[in-house]
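Student: Based on what follows, work out the 3D shape:
(chains A, B, C and D)
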Protein chains: 2
Amino acid sequence: MVSAAPNDDETEPRQDGRLARGDRTRADILSRAVDVASVDGLDGLTIGRLATDLEMSKSGLIRHFGSKEELQLATVGAAGERFAEVVLGGAVELQPGIDRLDAIVSAWLDYLVSDTFAGGCFFYATAPEVDRQPGRVRDAVGGAVRAGIDLMRGDIVAAQLAGDLDPKADPNQIVFEIHAHIQEANLWHLLLDDPDAIDRSRQSLDATLKRYRQRS
Amino acid sequence: MVSAAPNDDETEPRQDGRLARGDRTRADILSRAVDVASVDGLDGLTIGRLATDLEMSKSGLIRHFGSKEELQLATVGAAGERFAEVVLGGAVELQPGIDRLDAIVSAWLDYLVSDTFAGGCFFYATAPEVDRQPGRVRDAVGGAVRAGIDLMRGDIVAAQLAGDLDPKADPNQIVFEIHAHIQEANLWHLLLDDPDAIDRSRQSLDATLKRYRQRS
DNA sequence: TAACTATACGAACGATCGTACGCTTTATCA
DNA sequence: TGATAAAGCGTACGATCGTTCGTATAGTTA
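Tutor: Take a look at the predicted model:
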C-alpha cells in the first residue's frame, strides 16, 4: 500500500469536525438498523421497513451500502462499536487483570438490562441466527463475539500472572464459565421474564470467580 | 369433561395402529419443519420452501394447519417431543434425584452434537428469535424451555432432600448455572467452531455440581 | 455564478411471501 | 359398489422482498 488511501469502512469526520451529509445519513441508518436487528434479527432487518422508519426511499437508503449483505455487515460493525462503548468503555483505562475483568463483567451485566439496543443484547439475538449460515455476516458476528471473549481471557491470564487467579486453571475454561453465566441472564430475562435474572447471573459469577481465585 | 373427546392436538393412531393418511402427511411435514427451523429459524420456515422440499403444493401443505402461526406452533410442539425423546427418554425410568439429574445433563450434552435437529438445538436457535415477539409462538417456546428447567430443578430439590446436594443452596441458582453451561456449549460449538465445546461444558458442569454437592 | 459531484428519489423488475377459493383425487365406510 | 368425507392440487390475490435504472435535487468547489 503506497498511497494513503482513506479508510472507506469508517465514517471519517471532515476537517471542520462535522460529518459529511452522506456519512450523517449512513450513521442514522445504522443507528436504527442495530435496534431493528436486535429485535427482529439480521434477516428481519429489511430495507423497506428501514426506509419507512427513517422516512426515506429504499433506493436512497441502500445506495449507502450497495446490497443487503453489506448493510448487514455494517450493522454488525455498528453494533460492535456501540457494545464496546457501553461495556468496555469504562475499562480501557485500567490495566489488564482481575480489576479490569471485574469492571467488564459488571458493565456487561448492567448492559443486559439497559436500553443500549432495543431488543436486548445485539449479539445474543443474532448469534443463533447466523451460526448455521456460512458467509461474511456469520464471520463478522463470530468475530465480534470472539473479541469479547478474547479480551476477558487476556485479563484472566494477566490475573493469573499477577497471582490473583489460580495459575493452574485453564483460561479458556474460566472465560467459558463467565461468558456462560452472562449469556444465561439473557435467556432468563428476555424469554423467561425472570426479574431476578441479573442477580442470579451476578451470584453465579461471584461464586465462579471465588472458586478460581488464588488463595494466598 | 364428560364425553371422551379425542385429542385434536395429537396425531392419534387408528385402531389398526397405522396413522391415517392426513396424520402421516402432517407428521412428515413437521419432521421436516423442525429441521428447517433449527437452521433458518421459525421465521425462515416458509410454506413455499417446505412445500418444495416435500414435493407437494403450498395449499395442500398449509391445509393441515390453517395458517403460518399454527404451523409454527405445531413445529415447536414437534420439536419438544423430539427433544424429550432424545434427552429425557433415558431418564424417565429413574427416580427424581441426583442420578436422574446426571443422566439428563449427560444426555443433553450428547444431544448438542447429535443430528437430532439439522441445525443444532432447536430451542437454542429459536429462543432469541421469539423472545421479543409477543404471542403464542413465544409462549410455546418459553414453555418448552421452562419445562426443561423445571424438570432439572425437581431433581435438584429431590437431591437436596436426599442429602446429595447442599439443602441451603437455592435450587433456582443451581439450575441457572447448569443450564448456562449447557447453552454456552451451543455458542462455542456452532458459532465459534470450538471442537472442545462439549468437553468444556462437561468440565464446568462437573465443577459446579461438585461445589453444591453435600459433603457428608 | 457556473460547473460538477454527491445524495436522494420514483418507478419498475422478477421473485417470494401468506392466504383464499374451487376443483380433483383418494380413502373410508355403509 | 356407491356415497361421503378427507386430502391434495392449481390458480390467483395483494403485499413485500432486494435490486436496478434514470432523473431530480442538494451541496461543494472552481
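Student: List the contacts of the least confident helix or strand in chain A by mean pLDDT.
Tutor: Least confident helix or strand of chain A, by mean pLDDT, DSSP states H and E, is helix A:21-44 with a mean of 95. Applying CB atoms under 8 Å, 6 or more residues apart in numbering or on different chains, the set of residues contacting helix A:21-44 from outside is A:11-13, A:19, A:45, A:49-50, A:53-54, A:56, A:61, A:64, A:71-72, A:74-76, A:78-79, A:82, A:117-122, A:125-126, A:129-130, A:137, B:41, B:43-44, B:129, B:132-133. Where you see a C-beta, it was placed from the backbone N, CA and C, and this is true even at glycine.
Student: Now do the top helix by length along chain A, average pLDDT.
Tutor: With secondary structure taken from DSSP state H, chain A has its longest helix at helix A:136-161. For helix A:136-161, the mean per-residue pLDDT is 98.
Student: Check which helices and strands it sits against.
Tutor: Helix A:136-161 is packed against helix A:68-83, helix A:98-112, helix A:122-130, helix A:171-186, with contacts defined by 3 or more CB pairs under 8 Å, 6 or more residues apart in numbering or on different chains; DSSP states H and E.
Student: is that helix anywhere near DNA strand D?
Tutor: No: residues of helix A:136-161 are not located near DNA strand D by CB under 7 Å from any atom of the strand, the shortest gap being 12.2 Å.
Student: What are the buried residues along that helix?
Tutor: Of the residues in helix A:136-161, A:137-138, A:140-142, A:144-145, A:148-149, A:151-160 count as buried by neighbour count, 16 or more other CB atoms under 10 Å in any protein chain shown.
Student: Now for A:G89: which residues touch it?
Tutor: A:A107.
Student: Please report the distance of it from A:R82.
Tutor: Distance, A:G89 to A:R82, by CB to CB, to the nearest Å: 10 Å.
Student: Give me the distance between the helix or strand hosting A:S59 and the centre of its chain.
Tutor: A:S59 is located in helix A:58-62, with elements delineated by DSSP states H and E. Distance of helix A:58-62 from its chain centroid, counting by CA atoms, centre = their mean, to the nearest Å, is 26 Å.
Student: Against which helices or strands is it packed?
Tutor: Helix A:58-62 packs on helix A:47-53, going by 3+ CB pairs under 8 Å, 6+ apart.
Student: What is the burial count for A:D23?
Tutor: Using other CB atoms under 10 Å in any protein chain shown, the number of residues around A:D23 comes to 16.
Student: So it versus DNA strand C, what's the distance?
Tutor: According to CB to the nearest atom of the strand, to the nearest Å, A:D23 and DNA strand C sit 6 Å apart.
Student: tell me the contacts of A:I182?
Tutor: Each residue near A:I182 by CB under 8 Å, 6+ apart is listed here: A:V105, A:W108, A:L109, A:L112, A:S201, A:L205.
Student: do that again at 10 Å, thanks
Tutor: Counting by CB atoms under 10 Å, 6 or more residues apart in numbering or on different chains, A:I182 makes contact with A:104-105, A:108-109, A:111-112, A:121, A:124, A:148, A:152, A:198, A:201-202, A:204-205, B:180, B:184.
Student: pLDDT below threshold where in chain A?
Tutor: Where chain A drops to pLDDT under 70, the residues are A:1-19, A:22, A:215-216.
Student: Quick check: residues of it near DNA strand D?
Tutor: For chain A, the residues in contact with DNA strand D (CB under 7 Å from any atom of the strand) are A:20-21, A:45-49, A:58-59, A:62, A:66-69.
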